[in-house]
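Engineer: Structure here, sequence nowhere to be found:
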Ligand SMILES: Nc1nc2c(ncn2[C@@H]2O[C@H](COP(=O)(O)OP(=O)(O)OP(=O)(O)O)[C@@H](O)[C@H]2O)c(=O)[nH]1
């Protein structure tokens with residue numbers, strides 16, 4: 001079965017619509033999966049920020065605890081108190097010889113503990129400050145440098161020396177920025193008299209190393225270059241720490257940061273994000289989920305400044321989530337293709353089936369029409385009462401046989417048959433009985449004829465029988481045979497009286513017209529009637545001979 005043009009167009013149109021819908025479905029799924037992945041990364045990022053803040057606060061608490069512990073030692077208080085007085089006497093600043101002696105004694109007193117603190121707790125700074133403001137009395141971590149004023153740098157110390165309340169936080173420094181706890185130091189003789197402040201500090205390095213290993217990722221602390229410039233003298237790791245991003249690497253748990261920064265430099269970098277932000281960055285070693293958030297220092301938090309001093313970067317491999325996204329995308333595409341093919345097949349077979357059914361219905365209707373046409377034709381060709389050919393059809397066949405005879409030159413004989421005294425039958429037994437007699441005669445004539453004979457009802461109770469290939473003598477014999485059978489077999493229904501017929505027989509004479517031939521048979525019939533009925537008579541054109549009598 002062929003799909004015609006209209007159906008082909010319909011199929012192509014539906015296929016295109018289906019393809020567009022399918023592509024849309026795959027795209028929407030991909031966008032949705034990507035959004036889910038981004039949401040999941042953002043959730044992870046928030047969690048990472050919380051973890052960082054917890055570690056940050058705990059580190060500061062530790063610094064404050066250590067500072068408090070040392071500042072409460074009476075020996076430390078005693079030596080620092082004497083040192084403070086000596087500096088005053090010796091003109092402030094670094095003081096003189098007495099100040100130096102007491103500084104050394106204080107150093108000797110705390111340095112054993114300091115060694116343990118640096119080793120066990122990674123403490124980087126232990127610093128005694130004189131007030132008001134901030135003047136260095138003793139850097140236990142660097143005892144050779146002292147006496148410098150740091151009012152513009154050590155804001156926490158200045159604040160503690162001013163009001164006596166402990167402080168903790170992140171602060172930029174001249175050499176190392178740090179996470180610091182600052183507590184007031186009181187005199188050993190008068191616990192209400194503050195003599196200075198003690199600072200204990202550490203770097204970010206320890207925090208990010210331990211936090212990085214526990215979260216399975218890496219952490220870096222980046223400071224804005226401008227802030228660092230303002231706060232520092234010189235940085236020991238300065239050359240490596242400057243980056244194309246315009247920031248200073250304060251600490252990193254992985255050297256891979258430089259590659260990440262190079263990737264990151266191509267995107268918008270200027271300010272640290274206000275809230276936590278997690279993005280996906282493609283690096284040479286694979287996709288990475290990068291979480292960033294702002295880092296404020298003590299001054300910024302104290303003064304409510306919105307400008308952070310740097311940012312924290314936490315990054316983890318995102319290979320698994322990207323792989324999952326890719327996997328889901330492929331599954332989406334495969335589902336899309338399989339779904340498309342299945343619907344296409346269903347569409348194709350659906351159209352095929354619908355067409356087949358349509359064609360079947362058309363075939364059935366055509367057959368029904370053909371049957372009806374045949375029936376109509378038969379009805380038109382047949383005389384309903386007697387079953388023989390109608391006069392119209394008989395005349396058509398009669399003419400055909402005549403035409404054929406022009407070529408074949410075979411003999412042909414025509415029988416004109418008429419029921420004897422039929423009017424009396426009608427008048428005596430009624431029209432219905434008359435009809436029955438005509439019907440019986442018609443069927444008997446059909447029975448009695450050959451396949452190629454033509455039996456027709458010529459009019460009223462008159463019938464014709466055309467016998468192709470039959471000469472006059474045979475025709476007469478056949479007429480007689482018919483007459484005998486009628487007389488023997490057809491009776492008036494319910495009465496038993498035999499019906500008889502008369503037959504005029506005419507052989508076709510070459511050159512005769514149809515009309516002349518029928519007239520010849522009719523004349524013979526007329527004579528048969530006239531000579532007593534129930535007989536067969538040959539037309540005069542041939543040698544006439546009566547073969548039967550009543
Ligand atoms: N029942 C019935 N009668 C018919 C039919 N066609 C014609 N007739 C009747 O047939 C009769 C023919 O009568 P006539 O032509 O006078 O001839 P007849 O009575 O047969 O006498 P002969 O032919 O001289 O033997 C008429 O009364 C018609 O009405 C028909 O289809 N059915």
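Structural biologist: Arrived safely. Being a predicted model, the structure only gives us computed values, none of them experimental.
Engineer: now stretch 124-139, how far from the centre of its chain.
Structural biologist: Distance of stretch 124-139 from the chain centroid (CA atoms, centre = their mean, to the nearest Å) equals 70 Å.
Engineer: so where's the stretch 51-200 of the chain uncertain?
Structural biologist: For the stretch 51-200 of the chain, residues meeting the criterion pLDDT under 70 lie at 174-177.
Engineer: Which parts of it are strands?
Structural biologist: When assigned using DSSP state E, counting those that start in this stretch, the strands of the stretch 51-200 of the chain occupy the ranges 125-130, 135-139, 167-171, 178-186, 194-202.
Engineer: now those strands as CSV including distance to the ligand and mean neighbour count?
Structural biologist: (Glycine included, C-beta is placed from N, CA and C.) Formatted as CSV, these follow (distance: least, CB to the nearest ligand atom, whole Å; neighbours: other CB atoms under 10 Å):
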stretch, distance to the ligand, mean neighbour count
strand 125-130, 140, 25
strand 135-139, 147, 23
strand 167-171, 129, 23
strand 178-186, 131, 24
strand 194-202, 134, 26
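Engineer: could I get those strands as CSV with distance to residue 338?
Structural biologist: As requested, these are exported to CSV (distance: least, CB to CB, whole Å):
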stretch, distance to residue 338
strand 125-130, 66
strand 135-139, 73
strand 167-171, 57
strand 178-186, 58
strand 194-202, 60
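Engineer: right, so of these, which gets closest to residue 34?
Structural biologist: strand 167-171 (36.0 Å; CB to CB).
Engineer: so how far is the closest one from its chain's centroid?
Structural biologist: Centroid displacement of strand 167-171 relative to its chain, using CA atoms, centre = their mean, is 56 Å.
Engineer: before we move on, back to that, and of the strands of the stretch 51-200 of the chain, who's closest to residue 369?
Structural biologist: Smallest distance to residue 369 across those (CB to CB): 98.7 Å, for strand 167-171.
Engineer: partner strands of that closest one, parallel or antiparallel?
Structural biologist: Here strand 167-171 has these sheet partners by DSSP bridges: strand 178-186 (antiparallel).
Engineer: Below-threshold pLDDT in this protein: ranges please.
Structural biologist: Scanning the chain for pLDDT under 70 picks out 1-3, 174-177, 226-245, 264-271, 541-550.
Engineer: For the closest residue to the ligand within it, the count of nearby residues, please.
Structural biologist: Here the residue of the chain nearest the ligand is residue 434; by CB to the nearest ligand atom that distance is 2.6 Å. The burial count assigned to residue 434 is 20, neighbours taken as other CB atoms under 10 Å.
Engineer: quick one, phi psi at it?
Structural biologist: Residue 434 has phi and psi values of phi -60, psi -40 when expressed as degrees, to the nearest 10.
Engineer: contacting residues around it?
Structural biologist: Residues near residue 434 by CB atoms under 8 Å, 6 or more residues apart in numbering: 422, 425, 426, 461.
Engineer: Can you flag which of these belong to strands?
Structural biologist: The strands, defined by DSSP state E, take in nothing from the contacts of residue 434.
Engineer: Could you tell me which residues of the stretch 401-550 of the chain lie near the ligand?
Structural biologist: 418-424, 426, 431, 434-435, 438, 460-461, 529, 533 (CB under 6 Å from any ligand atom).
Engineer: Now restrict these to buried residues only.
Structural biologist: Buried residues within those, counting neighbours by 16 or more other CB atoms under 10 Å: 418, 419, 420, 422, 426, 434, 438, 461, 529.
Engineer: Let's have those residues in JSON lines, adding distance to residue 341.
Structural biologist: Shown next, in JSON lines, are these (distance: CB to CB, whole Å):
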{"residue": "418", "distance to residue 341": "80"}
{"residue": "419", "distance to residue 341": "79"}
{"residue": "420", "distance to residue 341": "85"}
{"residue": "422", "distance to residue 341": "81"}
{"residue": "426", "distance to residue 341": "80"}
{"residue": "434", "distance to residue 341": "77"}
{"residue": "438", "distance to residue 341": "73"}
{"residue": "461", "distance to residue 341": "77"}
{"residue": "529", "distance to residue 341": "87"}
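Engineer: What is the nearest of these to residue 253?
Structural biologist: Distance to residue 253, by CB to CB, is smallest for residue 438 among these, at 122.3 Å.
Engineer: is it true that the closest one lies in a helix?
Structural biologist: Yes: with DSSP: H, G, I helix; E, B strand; the rest coil as the criterion, residue 438 is located in a helix.
Engineer: Please list all residues in contact with it.
Structural biologist: Counting by CB under 8 Å, 6+ apart, residue 438 touches 385, 386, 419, 461.
Engineer: I'd like the distance between it and residue 525.
Structural biologist: Residue 438 is 16 Å from residue 525, where distance means CB to CB, to the nearest Å.
Engineer: again with residue 339
Structural biologist: Taking CB to CB, one finds residue 339 at 86 Å from residue 525.
Engineer: okay, those two: which has more neighbours?
Structural biologist: For residue 339 versus residue 525, the count of surrounding residues by other CB under 10 Å is larger for residue 525: 25 against 15.
Engineer: In which helix or strand does the more buried one reside?
Structural biologist: Using DSSP states H and E, residue 525 falls within helix 514-530.
Engineer: Can you give me the buried ones in the following helix or strand past that helix?
Structural biologist: Downstream of helix 514-530, the first helix or strand assigned by DSSP H and E is strand 536-538. Going by neighbour count (16+ other CB under 10 Å), the buried part of strand 536-538 is 536, 537, 538.
Engineer: So what sits opposite the second one in the bridge?
Structural biologist: Read it as residue 537. residue 504.
Engineer: mind listing what residue 162 touches?
Structural biologist: The neighbours of residue 162, taking CB under 8 Å, 6+ apart as the test, are 131, 132.
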